[in-house]
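Chemist: After the sequence you'll find the predicted model.
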Amino acid sequence: MMDKRSNNSDVITASEIAQYAYCPISWYLKRSGCKPNTPGMVAGMEKHAKVGEEISLVHRKEMASRHFGWLGFLAFIVALLVLAWWIL
């Protein structure tokens, strides 16, 4: 990427906005000129990875919950149909 502006410029690019939305601290450090291989950046990347794994786990649990909810609903409908068939 050819970046002709200095980091002290008041101009903020669309990619910087996306980076800020993802992680304001990472955006600030990059804009301040910090090198990406500092211990703090490594720790931040590890924390982001851990949070990503936790979000993925929550997503999988939500999907399983929805599936079990639909399964319970279908079991209820089947039970009603069997009851109706048995009564008639």
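Modeler: Sure, I can see it. Numbers count the residues shown, from 1 in each chain.

Chemist: next one: whichever helix or strand H67 is part of to chain centre, how far?
Modeler: If you go by DSSP states H and E, H67 is part of helix 39-87. Centroid separation for helix 39-87 versus its chain: 15 Å, with CA atoms, centre = their mean, to the nearest Å.

Chemist: Next up, the contacts around Q19.
Modeler: Going by CB atoms under 8 Å, 6 or more residues apart in numbering, Q19 touches 26-27, 30. C-beta here means a position set from N, CA and C on the backbone, and glycine is covered the same way.

Chemist: how close does it get to H59?
Modeler: Distance, Q19 to H59, by CB to CB, to the nearest Å: 23 Å.

Chemist: which residues touch E62?
Modeler: No contacts exist for E62 under CB under 8 Å, 6+ apart.

Chemist: and the gap between it and A14?
Modeler: Distance, E62 to A14, using CB to CB: 31 Å.

Chemist: follow-up on the earlier one: looking at the contacts of Q19, which one is closest to G72?
Modeler: Among the contacts of Q19, S26 lies closest to G72 (CB to CB), at 42.7 Å.

Chemist: Now do the closest one against F68, distance only.
Modeler: Separation of S26 from F68 (CB to CB) stands at 37 Å.
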